[in-house]
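Peer 1: Fold the following.
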Amino acid sequence: DYRQLWAWQSDYNFEAEEIPEQEVQHETVSSTKIREAISNGYIQRANAYLDHYYLVIGRPVDYVPGNPGSLPVFSKIMVTEECKLLPSQGIYAVSVEKPGFYSRGMAIVHMKAGEKAEVLLNCLDEGDISSGENINVCFHKRIHGSVDLTDTKSAIRINMAREEISELIY
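Peer 2: Here you go, the predicted model:
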């Protein structure tokens with residue numbers, strides 16, 4: 001709780017600030033509710049609670065999918081915050097930003113057995129994000145649940161999700 005965070009400030013070199021209780025559409029918002037919404041893939045709800053888009057910051061690196069011929073080109077996002085809470089596995093409509101660049105995109109959050117979840121990104125608009133600098137990935141909407149990147153049927157779902165995302169206005 002807040003009192004514990006307040007007590008840990010000097011031990012762990014951070015600042016805690018208590019904010020008044022917030023309500024969104026007659027629902028009391030708490031950090032627990034925000035984390036639950038993100039963890040369960042309810043990104044639009046989390047965004048409403050936060051009053052801004054849920055954001056992941058990271059550096060894009062090349063990624064080769066298990067099914068290269070039938071999938072769009074992805075970059076793996078090396079998330080800068082080690083303990084960053086990622087949304088549940090699935091396909092998401094996202095926007096991608098860095099200085100001088102903006103694109104709509106598709107992000108896939110997935111987890112290989114026994115490993116940490118990762119974010120794969122496919123930009124819908126032309127432009128290079130592979131310059132080695134950090135980018136912001138803003139999550140807008142969950143489009144589909146988890147997918148197996150090595151399954152050919154998943155490739156069809158991924159391409160259909162990409163098409164659906166390209167028709168969204170955001």
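
Peer 1: And for Glu21, the neighbour number?
Peer 2: The criterion is other C-beta atoms under 10 Å. On that basis, Glu21 has 7 neighbouring residues. The C-beta positions use only the backbone N, C-alpha and C, and glycine is treated the same way.

Peer 1: Give me the spatial nearest neighbour of it, chain neighbours excluded.
Peer 2: Using C-beta to C-beta, 6 or more residues apart in numbering and skipping residues adjacent in sequence, the residue nearest Glu21 is Thr28, 6.0 Å away.

Peer 1: Also Glu118?
Peer 2: Among residues not flanking Glu118 along the chain, Lys76 sits closest, at 6.0 Å (C-beta to C-beta, 6+ apart).

Peer 1: Surely the one you found is in contact with Pro60?
Peer 2: Yes: applying C-beta atoms under 8 Å, one finds Lys76 in contact with Pro60, separated by 7.1 Å.

Peer 1: joint contacts of these two?
Peer 2: With contacts defined as C-beta atoms under 8 Å, 6 or more residues apart in numbering, the residues shared by Lys76 and Pro60 are Leu121.

Peer 1: Can you pick out the residue with more neighbours from the two?
Peer 2: A direct count of neighbours by other C-beta under 10 Å for Lys76 and Pro60 places Pro60 higher, at 25 against 16.

Peer 1: Provide the secondary structure category for the more buried one.
Peer 2: Using DSSP: H, G, I helix; E, B strand; the rest coil, the structure places Pro60 in strand.

Peer 1: about what we covered before: how is the residue nearest to Glu118 assigned, secondary-structure-wise?
Peer 2: Here Lys76 is strand, with the state taken from three-state DSSP.

Peer 1: quick one, what contacts it?
Peer 2: Pro60, Val61, Asp62, Tyr63, Glu118, Val119, Leu120, Leu121 are the contacts of Lys76 under C-beta under 8 Å, 6+ apart.

Peer 1: any idea how far it lies from Lys33?
Peer 2: For Lys76, the distance to Lys33 under the criterion C-beta to C-beta, to the nearest Å works out to 30 Å.

Peer 1: Give me the contact list for the helix or strand bottoming out on mean pLDDT in the chain.
Peer 2: Of all regular secondary-structure elements in the chain, judged by mean pLDDT, DSSP states H and E, the least confident is strand 22-24 with a mean of 71. Surrounding strand 22-24, the residues in contact under the criterion C-beta under 8 Å, 6+ apart are Thr28, Val29, Ala48, Tyr49, Asp51.
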